[in-house]
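[1] Build me a model:
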Amino acid sequence: MTHDQHDLAGAYALDALSDTERRRFERHLSGCAACTEEVAGLRETTARLALAASRQPPPGLRDRVLAEIGRTRQSPPRLARRLPSPRAGGLSWLAAAACLVLALAGGVTAAHFHGDAERAQDFNRRIAAVMTAPDAQASTTRAQDDATVTVVSSRKLDKAVITTSRLRRLPSAKSYQLWFLASSAAPRSAGVMRPPAGEPSKPVIASGVGNAQQLGMTVEPAGGSAQPTGAPFLTLKLS
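    Here you go, the predicted structure:
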């Protein structure tokens, strides 16, 4: 079992791998009991959260997540029962937030921090603060080529966490840019990203949610623009 393949368990459980990565991981999975057990446990957790009736986190969730978020990966869970992929059906607030936590646990941030555990843990804690805020809300949408974009925002903290998966590769002279959109003000940049083609992006932690009603994404010159040069090709509602 290679370390790199094991780190993809979380992303696989969330259906966030490219087709090539998924096929490679499934070949690995057929001979790795530890990864099989971990994937099943991650799907169990997400499925149970998706069935939660309340949109508000239960008492104690914030403290538990903040206490555990520093771990770079989950310990192998005891449950080995397979469940349907969380891709099926809509996600509740709690499930969407859990998807972000589990994606991080699957090694997405570890890869971008090149094994620097201290920096990865600090980054995870900042994400956890947004996801466990009392007023946190989540939204997910699919874009072209089955790409997905998820945002969890907190107006109280004035921050949002954005993740993407399977966005198409852009020419070197172009970047994706995120925007906070409000009917009463000009678009405000929420960050620039160039994720590897088809792969999960490093989450963006954006400040300045303000009174924005939507998050938009455009294609801009490399490095971003002061204002969008065209209409967003996707938007997500910010509750």
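
[2] Identify each buried residue in stretch 122-142, please.
    123-124, 127-133, 136-140 (16 or more other Cβ atoms under 10 Å). For the C-beta atoms, the positions are set from N, CA and C on the backbone; glycine is no exception.

[3] Those residues in helices, which ones?
    Counted as lying in helices by DSSP state H, out of the buried residues of stretch 122-142, are 123-124, 127-131.

[4] Quick one: the strands in this protein, in order.
    Applying DSSP state E to the chain gives strands spanning 137-142, 148-154, 159-165, 174-182, 185-193, 204-207, 214-221, 234-237.

[5] Break this structure into its domains for me.
    1-132, 135-239 (automatic domain parsing).

[6] Mean pLDDT lowest where, among those domains?
    Mean pLDDT per stretch puts domain 1-132 lowest among these, at a mean of 59.

[7] circling back to that earlier point, nearest to Pro171 among the ones in helices among the buried residues of stretch 122-142?
    Checking these against Pro171 by Cβ to Cβ gives Phe123 as the nearest, at 28.4 Å.

[8] what about Ala9, how many residues close to it?
    Neighbours of Ala9 under the rule other Cβ atoms under 10 Å: 29.

[9] er, Ala40 actually
    Using other Cβ under 10 Å, Ala40 has 19 other residues around it.

[10] if I look at it, how far off is Val152?
    Counting by Cβ to Cβ, to the nearest Å, the gap from Ala40 to Val152 is 25 Å.

[11] Check what pLDDT Pro134 gets.
    82.

[12] Let me see the backbone angles for it.
    Torsion angles at Pro134 (phi, psi; degrees, to the nearest 10) stand at phi -60, psi -30.

[13] And for it, nearest residue in space, chain neighbours not counted?
    Here the nearest residue to Pro134 in space, its sequence neighbours aside, is Lys156; by Cβ to Cβ, 6 or more residues apart in numbering that works out to 6.8 Å.
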